[in-house]
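Novice: would you be able to build a 3D model of this:
(chains A and B)
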Amino acid sequence: MCSIEHVEIAPLAKIVERHQVWSHIAAKYGVENPVPPWKTSLDGICDALDQGGCGPEILSFVDRRNEEDTLSATVYSNLPYPENQLVSLAHSLVARGVIDETELQERLTGIRARLEAG
Amino acid sequence: MTDHDHDHVRTVAPMVDEITDFEVLEIAVRELCIEKGLFTADDHRSFTEFAEHIGPTPAAHMVARAWLDPEFKKLVLADAIAASREVGVDWLQPTGFGTPSDFTALHVLEDSPTLHHVIVCSLCSCYPRPILGNSPEWYRTPNYRRRIVRWPRQVLAEFGLYLPEDVAIRVEDSNQKHRFMVMPVRPQGTQGWDEDQLAAIVTRDCLIGVALPKVGVTSNAITDTRPAIHPANH
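Specialist: Numbering: from 1, shown residues only, chains lettered A, B, ... in the order given. Next up, the predicted model:
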């Protein structure tokens, strides 16, 4: 694997470009929560990965945090925290082949359709 | 509908009426990890519930109680894990089903008028989460982690904490097995205060060591995070 920041992941690049970061969204709707509502679930994913079944073998805690630091300073330097934490995690999983890029794109489309169906 | 109902409608909290890409991405990553067997949905729910309820309140009460009770203070310094249980945190089972990281030993670092402690995790972002909640963003940044070790006095000044030269600063580096929190000196002007009053001024920043408790200050500093000017690999 070449260095993590040189792996290009199209679905994540699109998300960065649309830049729906929490500070903008919260200001737009007058919401005062300092962090987005998905933050604790993201924490749950990270903890579960660190502890659960085969998670640590695939992406160890130290690798996850190191790559988050690298990616947050490079590819995702325009994203604030915790958006950069989330996108970096997805990046690490795709770069390792745990999640396929096409599969991720299809899942994103499917979930959005599901949520918008009301 | 009564007037009261109208008032209620008008004051309802605003909500986000938009599905963001990040919200969708979080769900996608979670679903795919579960489907691929990286963890179970039950594990995820349990850890998320843990993340929902942790915060710095138990640590603030531990310090406040130690200020009031010399015997409790001895316990805090000798066996912080046992003292944690007294404020409702069991480090062996903080989530009710297991620790969110390896078993860790907690140590409380007692400040004195001539010694100030501040904590960091120079390797990643280890933090005493069961008793202090999630770390703030700046604590996770490579910039803080590197600079607090090299230039503690300068970095503390950036947080608004200017320590006199005759106060020594000790930076304690957390790791996977050892977590730390700071017990600051009880400030002037708090004579006669009860535990709740004292706990209110023992903010998260005081427990990390980037602030000192002060009468009338109950919130943390808003700290901008900056990218490192000289990253380690350059």
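
Novice: would stretch A:63-83 count as contacting chain B?
Specialist: Yes: counting by C-beta under 8 Å from any C-beta of the partner chain, chain B is contacted by stretch A:63-83 at A:Arg65, A:Asn66, A:Asp69, A:Ala73, A:Ser77, A:Tyr81, A:Pro82, A:Glu83. Every residue, glycine included, has its C-beta placed from N, CA and C.

Novice: can you pull the buried residues of that stretch?
Specialist: Neighbour-count burial for stretch A:63-83 flags A:64-73, A:75-76, A:79-83 (criterion: 16 or more other C-beta atoms under 10 Å in any protein chain shown).

Novice: of those residues, which belong to helices?
Specialist: A:Arg64, A:Arg65, A:Asn66, A:Glu67, A:Glu68, A:Asp69, A:Thr70, A:Leu71, A:Ser72, A:Ala73, A:Glu83 (DSSP state H).

Novice: thought the fifth one was touching A:Glu83?
Specialist: No: between A:Glu68 and A:Glu83 no contact is recorded; they are 11.6 Å apart, counting by C-beta atoms under 8 Å.

Novice: the helices in chain A, which residues?
Specialist: Going by DSSP H, chain A shows helices at A:10-18, A:22-29, A:39-51, A:55-58, A:61-73, A:83-95, A:101-116.

Novice: any stretches of chain B with poor pLDDT?
Specialist: Low-confidence regions of chain B, defined by pLDDT under 70, span residues B:1-11, B:93-104, B:222-234.

Novice: which segments of chain B make up each domain?
Specialist: What the record gives for chain B is the domain set B:3-51, B:56-208, from automatic domain parsing.

Novice: re the thing from before, now tabulate the residues of stretch A:63-83 next to chain B in a markdown table and tack on pLDDT.
Specialist: Putting the residues of stretch A:63-83 next to chain B into a markdown table (pLDDT from 0 to 100) gives the following:
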| residue | pLDDT |
| --- | --- |
| A:Arg65 | 90 |
| A:Asn66 | 91 |
| A:Asp69 | 92 |
| A:Ala73 | 92 |
| A:Ser77 | 94 |
| A:Tyr81 | 93 |
| A:Pro82 | 95 |
| A:Glu83 | 97 |
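
Novice: circling back to that earlier point, widest-spaced pair of the ones in helices among the buried residues of stretch A:63-83?
Specialist: A:Asn66 and A:Glu83 (18.7 Å; C-beta to C-beta).

Novice: any part of stretch B:197-206 near chain A?
Specialist: No: taking C-beta under 8 Å from any C-beta as the criterion, stretch B:197-206 and chain A are apart, separated by no less than 12.9 Å.

Novice: could I get that stretch in PDB with only the CA atoms?
Specialist: The C-alpha trace of stretch B:197-206 is given here as PDB (Å, rounded to 0.1, in the frame of the first residue of the first chain):
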ATOM      1  CA  GLN B 197     -19.900  24.400  44.500                       C
ATOM      2  CA  LEU B 198     -16.300  23.300  44.300                       C
ATOM      3  CA  ALA B 199     -16.900  20.700  41.600                       C
ATOM      4  CA  ALA B 200     -18.500  23.400  39.400                       C
ATOM      5  CA  ILE B 201     -15.100  25.200  39.100                       C
ATOM      6  CA  VAL B 202     -13.100  22.100  38.500                       C
ATOM      7  CA  THR B 203     -13.500  22.200  34.800                       C
ATOM      8  CA  ARG B 204     -12.300  19.700  32.200                       C
ATOM      9  CA  ASP B 205      -9.400  22.000  31.400                       C
ATOM     10  CA  CYS B 206      -8.300  22.100  35.100                       C
END
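
Novice: what is the end-to-end distance of stretch A:25-37?
Specialist: 12 Å (C-alpha to C-alpha, to the nearest Å).

Novice: list of residues touching that stretch?
Specialist: A:Trp22, A:Pro82, A:Glu83, B:Ala13, B:Pro14, B:Met15, B:Val16, B:Asp17, B:Glu18, B:Thr20, B:Phe22, B:Glu23 (C-beta atoms under 8 Å, 6 or more residues apart in numbering or on different chains).

Novice: stretch A:36-44 - what's its average pLDDT?
Specialist: Averaging the model's pLDDT scores along stretch A:36-44 yields 94.

Novice: in it, what's buried?
Specialist: Buried residues in stretch A:36-44 (16+ other C-beta under 10 Å): A:Pro36, A:Trp38, A:Lys39, A:Thr40, A:Ser41, A:Leu42, A:Asp43, A:Gly44.

Novice: off-centre distance for that stretch?
Specialist: Put simply, stretch A:36-44 sits 11 Å off its chain's centre (C-alpha atoms, centre = their mean, to the nearest Å).

Novice: then stretch B:183-197?
Specialist: That offset, for stretch B:183-197, works out to 20 Å (C-alpha atoms, centre = their mean).

Novice: list the buried ones in that stretch?
Specialist: B:Met183, B:Pro184, B:Arg186, B:Pro187, B:Trp193, B:Glu195.
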